[in-house]
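Colleague: I'll drop the sequence and a predicted model, then ask my questions.
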Amino acid sequence: MPKFSLHKVDYELLKAIFASKNAHFFVVENKEEIAALQESEEGRDMAIISTEKFEGAVAYSTICNPNGTIRWLFRSDRKKAGFLRLYNANNLKGRLFKWLVQLLYFIGLKRLVKHGNIYVSCASESLCEKLEKSFGKKYSIFTGTLGPNRKLVIESMQGTQAIISKIPLSNKGEKLVENEAKILSKIKLPKPLMIAPKLLETGFDEGICVSNIEPKSRDKAAGLSALHIKTMQQFYQLNCVEEAFEKGNFYQKINAQFKQLRSLNIQQIKSAALQNLLQKLFALKDELTLKIPEKTSLMHGDFTPWNMFVSKGKLYVYDWELAVNDSPAFLDLIHYVFQNGVMVKQQNAKQILCELKKLEMDLQVYLPEWGLNFSGLLKWYLLFYASYYGNIYAAQGKLHYQAQNLLIVWEEVINTLVNANASFPKLEKHPNVGLVNA
């Protein structure tokens, strides 16, 4: 196995964890440099990171992304695989991974789970020091997804209670965490069908702490079900408002997202799939008349298989940071179909349109009450989500193949809506037609 090495892209991440605001931060390659540094900087508050073991350092194990950047980070002397609480095994591959990790820990071969160790001397008043004071060794850190919304997600144990903490690493991440706290403090849940995390007191200056709602057992993933539909229908009813739609948060967000998109130079966007999608998205907004909902509700915003557990007739739903008030009801269910279809099942647009047709049949009894039809609901979904992620993806370089596939599927579905007489869209030829393989 090649020697583990740190990527420079992880330096800022490690600084946020192990250094404080005023402390010095060093990544050092060998013991001689560490010894010289400790001597020259004696008495100064600092954090030192190395892949070489040195005196006074604490060892942390890492599990990395395919590109070698750190995904999970946890104390090497922790006896249990607590980081698995941050891993939602919602398919067969995920369940096998979780089972294998637990087995390796049980038989004393946990060293086979990690990609490598880093050795750390952390600064005073750092996040690491606060975690040690609150939880001892019993915590694991998920480093989050690269991008403007990045945050640390921390699993920890306080006595017998499992806690999830979120620490933002950017201004946008901070707003999302604040939004989740606001939503969880006032949300109305359809009991006993839905369980959501509870806000907890936090010992940190930044971020939030919430209860871990993972059930002891869970049902096998089977896609969108009658339980999802029934639960969300009751959820929307409980959180319903009857105010002017155009003045609401959802509508204002769409306008702000499109304003940002129109300021972009589309020709400078690196992804051809995103270029094509944005052109069709502008046409959808400019050319189609959209039916205004008669009443709105709160939506989760990221209602996906990996943000929930299903167990014994209940939905355990977490990650409420993208929740939006004043939204058309049932957008969450459409989002589930797209995300599950593209990210899990690798479906193309035609297959997803078939799934959406089934959802339309299931919702036909509910939509009139909200002043909606399914075609209009799908348009609102595409305008909101494609503009939101369009701005995020435009700021990135090379996109992950799953993101590329999602853009392609969205574009093809927009073609279907714009060309209402076509049973399935006739696409313009471009390099990204057809799903991209991993």
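Modeller: Yep, that arrived.
Colleague: use CA for all of it now, contacts and neighbours both
Modeller: Noted.
Colleague: In the stretch 301-438 of the chain, what residue spans correspond to helices?
Modeller: Ranges of helices within the stretch 301-438 of the chain are 331-339, 349-363, 374-394, 401-418, based on DSSP state H, counting those that start in this stretch.
Colleague: likewise the stretch 1-150 of the chain?
Modeller: 11-18, 31-40, 92-106, 127-135.
Colleague: hang on, Val210 in a strand?
Modeller: Yes - with the criterion set as DSSP: H, G, I helix; E, B strand; the rest coil, the secondary structure at Val210 is a strand.
Colleague: out of everything not next to it in sequence, what's closest to it?
Modeller: Among residues not flanking Val210 along the chain, Leu199 sits closest, at 4.6 Å (CA to CA, 6 or more residues apart in numbering).
Colleague: and the gap between that neighbour and Leu184?
Modeller: Leu199 is 7 Å from Leu184, where distance means CA to CA, to the nearest Å.
Colleague: Look at Glu201 and report its pLDDT.
Modeller: The model reports Glu201 with a pLDDT of 75.
Colleague: how many other residues sit next to it?
Modeller: 9 (other CA atoms under 10 Å).
Colleague: That one contacts Cys209, doesn't it?
Modeller: Yes - with contact defined as CA atoms under 8 Å, Glu201 reaches Cys209; the gap is 6.7 Å.
Colleague: need the contact list for Leu322.
Modeller: 176, 179-180, 300-302 (CA atoms under 8 Å, 6 or more residues apart in numbering).
Colleague: Then Met46?
Modeller: Each residue near Met46 by CA under 8 Å, 6+ apart is listed here: 19, 23-26, 122-124.
Colleague: Generate a ChimeraX selection restricted to the buried entries among the residues you listed.
Modeller: In ChimeraX syntax, the buried subset of the contacts of Met46 is picked out as below (16 or more other CA atoms under 10 Å):
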select :19,23,25,26,122,123,124
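Colleague: Surely Lys285 is in a strand?
Modeller: No - Lys285 is assigned helix when assessed by three-state DSSP, not a strand.
Colleague: Just give me the neighbour total for it.
Modeller: Neighbours around Lys285, by other CA under 10 Å: 15.
Colleague: Taking the contacts of Leu322 together, which two end up most distant?
Modeller: Spatial extent of those (CA to CA) is set by the pair Asn179 and Asp302 at 13.4 Å.
Colleague: Which one's more surrounded, those two?
Modeller: A side-by-side neighbour count of Asn179 and Asp302, using other CA under 10 Å, places Asp302 first with 22 against 17.
Colleague: contacting residues for that one?
Modeller: The neighbours of Asp302, taking CA under 8 Å, 6+ apart as the test, are 319-320, 322-323, 332, 335.
Colleague: one more time with 10 Å, if that's ok
Modeller: Residues near Asp302 by CA atoms under 10 Å, 6 or more residues apart in numbering: 308, 318-323, 331-333, 335-336, 339, 385.
Colleague: Ser170 now?
Modeller: Ser170 makes contact with 147-151, 176, according to CA under 10 Å, 6+ apart.
Colleague: From these, keep the buried residues only.
Modeller: Taking 16+ other CA under 10 Å as the criterion, what is buried in those is 149-151, 176.
Colleague: how about TSV for these, with pLDDT and distance to Phe106 added?
Modeller: Putting these into TSV (pLDDT from 0 to 100; distance: CA to CA, whole Å) gives the following:
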residue	pLDDT	distance to Phe106
Asn149	82	36
Arg150	86	33
Lys151	90	31
Leu176	94	37
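Colleague: so where is the stretch 201-350 of the chain shaky, pLDDT-wise?
Modeller: Low-confidence segments of the stretch 201-350 of the chain (pLDDT under 70): 202-205, 287-289.
Colleague: Now do the shared contacts for Leu199 and Leu184.
Modeller: In contact with both Leu199 and Leu184: Val210, using CA under 10 Å, 6+ apart.
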